[in-house]
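Colleague: Need a 3D model of the following:
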Amino acid sequence: MIVNVITIDTETMDTANTALILSIGAFAFDVTDLNATQQAIMDVTKDAELQDHSQFAFYRRTDSFDQLISGRTVSVPTQEWWKKQGEEAHEALTGERVSLGEALSNLKQWIAQYPDARIFFRGPDFDGSILENAYRAHGIECPWKYNGKRDIRTYIDAMVRGGKGYIKGHQPCFPVVKHHSLHDAMNDAEQMAMAYMMNDGKTIPAPNLKKVTA
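Modeller: Okay, the predicted model is just below:
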């Protein structure tokens with residue numbers, strides 16, 4: 001599959017750009033090929049070994065202690081928000097963790113595979129700004145240029161003439177865990193490919209969830 005777009009999502013403990021980062025998820029895909037994008041998503045979903053670091057998927061849980069020591073921030077409203085989230089969202093944050101510096105270096109190396117891919121966030125002034133702040137704080141060159149961030153919501157709305165940044169009635173091709181950063185990045189990737197197809201005047205096929213075993 002050709003890769004021309006990368007979607008990136010983070011889970012954090014604050015909304016400021018200094019936020020403590022809990023996890024980073026990214027997905028690489030061909031926005032012009034919905035079938036290939038969905039197949040790659042389902043392959044990643046079915047095989048746990050493909051989820052942390054593979055051709056199309058990147059996922060890192062990050063250690064909190066060193067971030068707190070270095071001054072990354074936690075807000076009370078965000079703490080309260082996390083307490084209200086489902087068990088699956090919390091489970092997605094359990095497991096092996098790496099330092100934030102290591103996760104940022106890993107992400108940069110992973111993105112380097114796709115020098116021509118455009119980088120999209122669901123809010124470049126949120127996820128993108130938080131990651132840029134973290135890269136600066138760790139003295140690591142950011143893997144995208146200062147003007148290289150793109151917005152998923154704007155892309156989808158422009159393609160389907162919408163106003164909410166989502167495909168209306170979208171049924172994901174995989175069992176999404178909300179606030180799992182890789183799942184959110186894959187869900188955004190699927191919708192971007194759908195939006196491209198819809199803008200081209202093509203009918204979107206119904207998802208075949210039987211292909212995926214949770």
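Colleague: Please read off the pLDDT at Gly162 from the model.
Modeller: At Gly162, the model reports a pLDDT of 84.
Colleague: Outside of the helix or strand of the chain with the lowest mean pLDDT itself, list whatever touches it.
Modeller: None of the helices or strands of the chain scores lower by mean pLDDT, DSSP states H and E than helix 49-52, at a mean of 86. Here helix 49-52 makes contact (C-beta atoms under 8 Å, 6 or more residues apart in numbering) with 43-45, 56-60, 182. Heads up, the C-betas are built off the backbone N, CA and C, glycines and all.
Colleague: Parallel or antiparallel, which strands does the helix or strand where Ser23 lies pair with?
Modeller: Using DSSP states H and E, Ser23 sits in strand 21-29. Here strand 21-29 is paired, per DSSP bridges, with strand 5-12 (antiparallel), strand 57-61 (antiparallel).
Colleague: Run through the neighbouring helices and strands of whichever helix or strand comes after that strand.
Modeller: Note on strand 21-29: by DSSP H and E, the next helix or strand toward the C-terminus is helix 34-46. The contact analysis (3 or more C-beta pairs under 8 Å, 6 or more residues apart in numbering; DSSP states H and E) places helix 34-46 against strand 21-29, helix 49-52, helix 181-199.
Colleague: shaky segments in this structure?
Modeller: 202-214 (pLDDT under 70).
Colleague: Is it correct that Glu80 falls within a helix?
Modeller: Yes - when classified by DSSP: H, G, I helix; E, B strand; the rest coil, Glu80 is found to be part of a helix.
Colleague: Make CSV out of the contacts of helix 49-52 and add neighbour count and distance to Ala193.
Modeller: Converted to CSV, those look like this (neighbours: other C-beta atoms under 10 Å; distance: C-beta to C-beta, whole Å):
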residue, neighbour count, distance to Ala193
Asp43, 17, 15
Val44, 22, 15
Thr45, 23, 16
Phe56, 23, 13
Ala57, 24, 15
Phe58, 25, 18
Tyr59, 25, 20
Arg60, 25, 24
Leu182, 24, 17
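Colleague: tell me the two of those that are most distant?
Modeller: Spanning the widest gap among the contacts of helix 49-52 are Asp43 and Arg60, at 19.5 Å by C-beta to C-beta.
Colleague: List the contacts of stretch 4-11.
Modeller: 21-32, 93, 107, 111, 114, 116-122, 127-128, 130-131, 152, 179-182, 184-186, 188-189, 192.
Colleague: Give the buried subset of these as a PyMOL selection command.
Modeller: In PyMOL, this line selects whichever of the contacts of stretch 4-11 come out buried by 16 or more other C-beta atoms under 10 Å:
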select buried, resi 21+22+23+24+25+26+27+28+29+30+31+93+107+111+114+117+119+120+121+122+127+128+130+131+152+179+180+181+182+184+185+186+188+189+192
